[in-house]
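Novice: Next one to model:
(one chain, ligands or ions: 2)
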Amino acid sequence: MGRGLCPQRIPRTFHVKSFGCQMNVYDGERMAELLTAQGMTATAERDGADLVVLNTCHIREKATEKVYSDIGRLRRDDGSVPLIAVAGCVAQAEGEEIMARAPSVKVVVGPQAYHRLPEMVADAAAGKRGTETVMPAEAKFAALPKRRRSGPSAFLTVQEGCDKFCTYCVVPYTRGAEISRPFSDLVEEAKLLVAGGAREITLLGQNVNAWSGQDDKGRAIGLDGLIRTLAAEPDLARIRYTTSHPNDMSEGLIAAHGEIAKLMPFLHLPVQAGNDRVLKAMNRSHTVESYLKIIDRVRAARPDIALSGDFIVGFPGETEAEFQDTLDLVGQVRHAQAFSFKYSPRPGTPAATMPGQIAPEVMDERLKRLQEALVRDATAFNRASVGQRCDVLVERRGRHPGQWLGKSPWLQSVHFTGDVAIGDLVQVDLVEAGPNSLAGRLVD
Ligand code: SAM
Ligand code: SF4
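Specialist: Ligands and ions are numbered 1, 2, ... in the order given. You can find the predicted model right below:
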């Protein structure tokens, strides 16, 4: 743990802004807990905060550029700047460049080293800029304060890093090798989250279904074993997990979807492309057929499961016919929701220097066609839910007076009115559907 902070010299207020994936959201929460434990107070807005932490994402180009423009925007009208710390994957990948390009940044800290943030902030306040990008994640988790408060839906990182080395992806370089956090630490953190107000926990990892560990009797278990243990927590109502890799989708985990009532009927299983040559060039180590077989088995275990995925269009060398194969796969799976991206060359990854880089206008056009198909399927999935009665976990107030927002078991956003409170699990009849949300009526 870092040494205590001197109140005369260090910032008194801070704001953490997280970009990118849910793992970054989790890391941002843990950084805020660290800074709070040092006596600092979080501000809702970054204007006026003494310390601003930009918790960055490096997965695509635009995200990196956004960080630099954000650094620029932190300059106040009088020319002063807060103490700026850059954390996350851009910090890991481009720490030196950030220090050289942005003198207003005083701290650069990678995703596996942020337990050192308070110490580095203290050094920066004393005039010493610092960069920390060491990799093993184990030390970080051991050094973080215990969790105290939680919203109704909480994230819990169980696995970090990736050994898969897809040829387009920076994650193995920015987050390091795959590690699984120990079972007992996770059970303890889950209990604390539940005691702090969580009714739903989403287990997180770059390849969350690669999690492995030993239970309290020393038996080797996988993610399904961890889910089974957490499901026994009486006040925990819902469990989710994300993101999964097709190759780590074990029989036990598939079966768990049919056996554990608290495991929600939702699976985010990225496929990236619907053509085997492209998948091989991506080093995905699964085929279209093996992916579709998994989907069939998951649907057999849990027929109402909502499927989600990630897609990349315009991978180097992708032909129009190969892109059509992706549209065909989408037509077969009928995802309930999905994320789709234009391929973004990432420095240092093998795909960045592959021949056959696709022109931006071709990528734009393919992305448009893919997204039309995905919106069609998401809308159809939501429309098919109309008429169903389901539990909704109330997460926050809506924009309109008396309106509440929550999630269905299938991770659909549901809005409704009624006499409820945040954290309630209420029964709602789904009455109207759009591509992104549903209207519900509270059951009396
Ligand atoms: N581990 C997960 C998997 O293998 O499916 C995905 C984790 S990654 C952080 C999230 C998504 O970002 C990927 O599924 C992929 O669709 C997308 N992505 C990663 N690198 C990309 C790149 N260079 N260009 C465009 N999209 C990318
Ligand atoms: Fe990136 Fe592939 Fe690892 Fe997912 S499996 S994090 S896409 S390298």
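Novice: Which strand residues bridge whatever residue of the stretch 301-444 of the chain ends up closest to ligand 2?
Specialist: Scanning the stretch 301-444 of the chain for the residue nearest ligand 2 gives residue 310, at 7.8 Å (criterion: Cβ to the nearest ligand atom). For the C-beta atoms, the positions are set from N, CA and C on the backbone; glycine is no exception. Note on residue 310: beta-bridge partners residue 339, judged by DSSP bridges.
Novice: pretty sure it contacts residue 273?
Specialist: No. Using Cβ atoms under 8 Å, residue 310 is not in contact with residue 273, being 10.2 Å away.
Novice: More neighbours: which of those two?
Specialist: Neighbours per residue (other Cβ atoms under 10 Å) separate residue 310 from residue 273, with residue 273 holding more: 25 against 14.
Novice: Next, the more buried one: phi, psi?
Specialist: Dihedral pair for residue 273: phi -160, psi 160, per degrees, to the nearest 10.
Novice: residue ranges with poor pLDDT in the stretch 251-400 of the chain?
Specialist: Of all residues in the stretch 251-400 of the chain, none has pLDDT under 70.
Novice: what comes up buried for the biggest helix by length in the chain?
Specialist: Looking across the chain with DSSP state H, the single longest helix is helix 360-385. For helix 360-385, the neighbour count (16 or more other Cβ atoms under 10 Å) marks 363, 366-367, 369-370, 373-374, 377-378, 381-382, 385 as buried.
Novice: Name the residues of the chain found near ligand 2, please.
Specialist: Residues of the chain found near ligand 2 (Cβ under 6 Å from any ligand atom) are 162, 164-166, 169, 171-172, 206-207, 245.
Novice: ok, and the most crowded of those residues?
Specialist: residue 206 leads those on contacts (other Cβ under 10 Å) with 24 neighbours.
Novice: Which strand or helix spans it?
Specialist: Here residue 206 is covered by no helix or strand, with elements defined by DSSP states H and E.
Novice: cool, residue 312 as well?
Specialist: Going by DSSP H and E, residue 312 is in strand 306-313.
Novice: List the buried residues in that strand.
Specialist: For strand 306-313, a neighbour-count test (16+ other Cβ under 10 Å) marks 306-309, 311-313 as buried.
Novice: Which strands and helices lie in contact with the helix or strand following that strand?
Specialist: Later in the chain than strand 306-313, the nearest helix or strand by DSSP H and E is helix 320-333. Under the contact criterion of 3 or more Cβ pairs under 8 Å, 6 or more residues apart in numbering; DSSP states H and E, helix 320-333 touches helix 276-281, helix 288-301, strand 306-313, helix 360-385.
Novice: if we go to 7 Å?
Specialist: For helix 320-333, the packing partners by 3 or more Cβ pairs under 7 Å, 6 or more residues apart in numbering; DSSP states H and E come out as helix 288-301, strand 306-313, helix 360-385.
Novice: Now tabulate these in CSV and tack on distance to ligand 1.
Specialist: As requested, the helices and strands packed on helix 320-333 are arranged in CSV below (distance: least, Cβ to the nearest ligand atom, whole Å):
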stretch, distance to ligand 1
helix 288-301, 11
strand 306-313, 3
helix 360-385, 10
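Novice: and residue 125, which of the ones you listed is closest to it?
Specialist: Minimum separation from residue 125 across those (Cβ to Cβ) falls at strand 306-313, 40.3 Å.
Novice: what angle do that closest one and helix 320-333 make?
Specialist: Between strand 306-313 and helix 320-333, the angle comes out at 170 degrees (axes from the mean of the first three to the mean of the last three Cα atoms, to 10 degrees).
Novice: what does this protein put close to ligand 1?
Specialist: For the chain, the contact set with ligand 1 under Cβ under 6 Å from any ligand atom comprises 21, 59-60, 168-169, 171, 206-207, 243, 245, 270, 272, 310, 312, 341, 343-344, 346.
Novice: now could you export just the CA positions of the helix or strand where residue 394 lies as PDB?
Specialist: Per DSSP H and E: residue 394 is located in strand 389-397. The C-alpha trace of strand 389-397 is given here as PDB (Å, rounded to 0.1, in the frame of the first residue of the first chain):
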ATOM      1  CA  ARG A 389     -44.100 -11.000 -17.400                       C
ATOM      2  CA  CYS A 390     -40.500 -10.800 -15.900                       C
ATOM      3  CA  ASP A 391     -38.500  -9.600 -13.000                       C
ATOM      4  CA  VAL A 392     -36.800  -6.200 -13.400                       C
ATOM      5  CA  LEU A 393     -34.000  -5.000 -11.200                       C
ATOM      6  CA  VAL A 394     -34.600  -1.300 -10.600                       C
ATOM      7  CA  GLU A 395     -31.300   0.500 -11.200                       C
ATOM      8  CA  ARG A 396     -32.100   4.200 -11.500                       C
ATOM      9  CA  ARG A 397     -34.700   6.900 -12.100                       C
END
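Novice: Pretty sure residue 238 sits against residue 395.
Specialist: No. Residue 238 lies out of contact with residue 395 (Cβ atoms under 7 Å); the separation is 11.6 Å.
Novice: Report the buried residues of stretch 83-103.
Specialist: Within stretch 83-103, the residues that qualify as buried by neighbour count (16+ other Cβ under 10 Å) are 83-95, 98-99, 102.
Novice: likewise stretch 121-137?
Specialist: 121-125, 130-133, 135, 137.
Novice: so where's the stretch 101-250 of the chain shaky on pLDDT?
Specialist: Applying pLDDT under 70 to the stretch 101-250 of the chain flags residues 136-137.
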